[in-house]
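S.K.: Sequence and predicted structure are below.
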Amino acid sequence: MKNLSISVCLSFVLMSAGLTQSFAADYVSGPFEKSRAYSTAVVTDGGHMVFLAGEGGNRDANGKDISNDLDAQIELIFSNFSKTLKKVGGTNADITTMTVFIKDEKDGDTFVRLRKKYFPDGNYPASSLITIKDLAQPGWKIEVEGVAVVGDKCTKGQCVSGN
């Protein structure tokens, strides 16, 4: 038990020091996963992990109220991700995983439809879709957080994991 505790502690120390090497882009998925715009796994090799905070919103970039417009909220989320990733040399295509929180399970289909627009090559992030009662702000219908890997060998055509 003591050795396990030491191993776990060492893992956390290495991770926080940035010394891990898991980083994007061999995508593992089948026909069902493709139809729902997600991958069961994403394999990476090198690069920099970028943790994307939960994004949502009820006002678009022009200040217009989008509280009842799920499509506009999803567009805002991906626009904000794009702006954040651009600051670190990445794009939305570098997103390897996302967690999607929605208030109405029926909204999952709308999210899937719009997510396909942002990953036109069919290389979708690994993803979880969770229905919850409320979100951070009144008017939010959806919130998404994610992890991206920028500058990995796979996206440079040098992936060694098999695809």
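M.R.: Looks like it arrived, so ask away.

S.K.: all helices for the protein, in order.
M.R.: Using DSSP state H, the helices assigned to the chain run over residues 2-16, 31-35, 70-87, 107-118.

S.K.: And for G54, nearest residue in space, chain neighbours not counted?
M.R.: Computed as CB to CB, 6 or more residues apart in numbering, the closest residue to G54 that is not its neighbour in sequence is E145, at 4.2 Å. The C-beta positions use only the backbone N, C-alpha and C, and glycine is treated the same way.

S.K.: try N58
M.R.: In space, N58 is closest to G139, 3.4 Å off (CB to CB, 6+ apart).

S.K.: Around that neighbour, how many other residues sit close by?
M.R.: Residues contacting G139 under the criterion other CB atoms under 10 Å number 15.

S.K.: how about CSV for the helices of the chain, with mean neighbour count, distance to G63 and mean pLDDT added?
M.R.: Formatted as CSV, the helices of the chain follow (neighbours: other CB atoms under 10 Å; distance: least, CB to CB, whole Å; pLDDT from 0 to 100):
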stretch, mean neighbour count, distance to G63, mean pLDDT
helix 2-16, 10, 39, 35
helix 31-35, 12, 36, 89
helix 70-87, 18, 12, 97
helix 107-118, 17, 22, 95
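
S.K.: quick one on the thing from earlier: who's in contact with the residue nearest to G54?
M.R.: 52-55, 98-99 (CB atoms under 8 Å, 6 or more residues apart in numbering).

S.K.: Would you list the buried entries among those?
M.R.: When burial is judged by neighbour count using 16 or more other CB atoms under 10 Å, the buried members of those are 52, 55, 98-99.

S.K.: Which two among those are spaced furthest apart?
M.R.: Greatest spacing in those, by CB to CB: E55 and T99 (11.2 Å).

S.K.: what's the overlap in contacts for those two?
M.R.: Taking CB under 8 Å, 6+ apart as the contact criterion, the common neighbours of E55 and T99 are 144-145.

S.K.: ok, back up a step: make a markdown table from the helices of the chain and add distance to H48 to it.
M.R.: As requested, the helices of the chain are exported to a markdown table (distance: least, CB to CB, whole Å):
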| stretch | distance to H48 |
| --- | --- |
| helix 2-16 | 13 |
| helix 31-35 | 26 |
| helix 70-87 | 11 |
| helix 107-118 | 20 |
